[in-house]
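Q: Here you go, sequence then predicted model.
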Amino acid sequence: PPTHAKGDVVEYGPYSAIGPLQASAMAVHFEHNGPFVAARHSTQEVDVSHWGGIAIEETVDLEHVGAKLKAFSRHEFQRG
């Protein structure tokens, strides 16, 4: 397939010998080291008093499920 890379951009095409509604598989691999947050557990407690007062408490357990980072040692970094 015709592919052109320009810096961080990859362009595919043009495709002229493909009929309508044809498809083919394509695999894409990329690196992303940013954080991904997942909510592992969430609870919401609502307390309604007989006097008409309402108290709401929400608890959310968050976990980083993105790229696993290697251990960092300041001592090793400064030693060079």
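A: Received the coordinates, thanks. Fair warning: this is a prediction, and the values are worked out from it, not measured in the lab.
Q: where's the residue nearest the centre of the chain relative to residue 9, distance?
A: Nearest residue to the geometric centre of the chain (Cα atoms, centre = their mean): residue 36, 4.5 Å. According to Cβ to Cβ, to the nearest Å, residue 36 stands 24 Å off from residue 9. Where you see a C-beta, it was placed from the backbone N, CA and C, and this is true even at glycine.
Q: One more: residue 29?
A: Residue 29 is 16 Å from residue 9, by Cβ to Cβ.
Q: Neighbour count: these two, which is higher?
A: Taking other Cβ atoms under 10 Å, residue 29 and residue 9 do not tie; residue 9 has more neighbours (7 against 4).
Q: tell me which element residue 40 is part of?
A: Counting by DSSP states H and E, the element that carries residue 40 is strand 37-48.
Q: ok, and what's touching that strand?
A: Residues outside strand 37-48 that contact it (Cβ atoms under 8 Å, 6 or more residues apart in numbering): 54-65.
Q: which residues in this structure form strands?
A: In the chain, the strands defined using DSSP state E lie at 3-6, 9-12, 37-48, 54-64.
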